[in-house]
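Visitor: please work out how this folds:
(one chain, ligands or ions: 1)
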Amino acid sequence: MEKENKLPQQLTAAELAEWQRRLAEANRNNVLCHCRQCDDEWVTSGREACHRCGSLDVEAIACWQFPDG
Ligand SMILES: [Zn+2]
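Guide: Below is the predicted model of the structure:
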């Protein structure tokens with residue numbers, strides 16, 4: 001297994017910085033997708049099937065729904 005992308009329960013400073021970097025990336029791509037099957041996350045311009053496992057059970061979160069951190 002190479003890596004796991006899971007939403008952290010508690011953020012360290014480094015994790016928070018990484019999360020904010022990913023939010024900035026999401027802002028450019030508009031939508032953060034989260035797969036409920038394999039917990040993978042990616043950013044895109046719209047809802048789509050999971051890149052990792054192909055599941056359609058994907059949560060698409062528009063960037064403007066995130067609070068400013
Ligand atoms: Zn998946």
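Visitor: any residue of stretch 57-64 up close to the ion?
Guide: No: taking CB under 5 Å from the ion as the criterion, stretch 57-64 and the ion are apart, separated by no less than 7.4 Å. C-betas here are computed from N, CA, C, even on glycine.
Visitor: outside of that stretch, which residues touch it?
Guide: 23, 26-27, 29-37, 46-50 (CB atoms under 8 Å, 6 or more residues apart in numbering).
Visitor: quick one: buried ones out of these?
Guide: Neighbour counting by 16 or more other CB atoms under 10 Å classes 23, 26, 31-35, 50 among those as buried.
Visitor: next one: phi and psi at the residue most central in space within the chain?
Guide: Nearest to the geometric centre of the chain sits Glu41, at 3.8 Å (CA atoms, centre = their mean). Torsion angles at Glu41 (phi, psi; degrees, to the nearest 10) stand at phi -130, psi 150.
Visitor: now swap in Glu59 and tell me
Guide: According to degrees, to the nearest 10, Glu59 has phi -90, psi 120.
Visitor: can you list the residue ranges for strands in this structure?
Guide: Ranges of strands in the chain, per DSSP state E, are 31-35, 41-44, 58-62.
Visitor: quick one: distance of the first one to the chain centre.
Guide: Strand 31-35 has its C-alpha centroid displaced from the chain centroid by 5 Å (CA atoms, centre = their mean, to the nearest Å).
Visitor: how about stretch 12-30?
Guide: 9 Å.
Visitor: Gln37 against Cys53, yeah?
Guide: Yes: Gln37 lies in contact with Cys53 (CB atoms under 8 Å); the separation is 5.3 Å.
Visitor: what parts of the chain come near the ion?
Guide: The chain comes close to the ion at residues 35, 37-38, 40, 50, 52-53, 55, as judged by CB under 5 Å from the ion.
Visitor: need the residues you listed in CSV with pLDDT and distance to Ala14, can you?
Guide: Formatted as CSV, the residues of the chain next to the ion follow (pLDDT from 0 to 100; distance: CB to CB, whole Å):
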residue, pLDDT, distance to Ala14
Cys35, 95, 24
Gln37, 97, 28
Cys38, 97, 24
Asp40, 95, 21
Cys50, 93, 27
Arg52, 92, 24
Cys53, 97, 28
Ser55, 96, 30
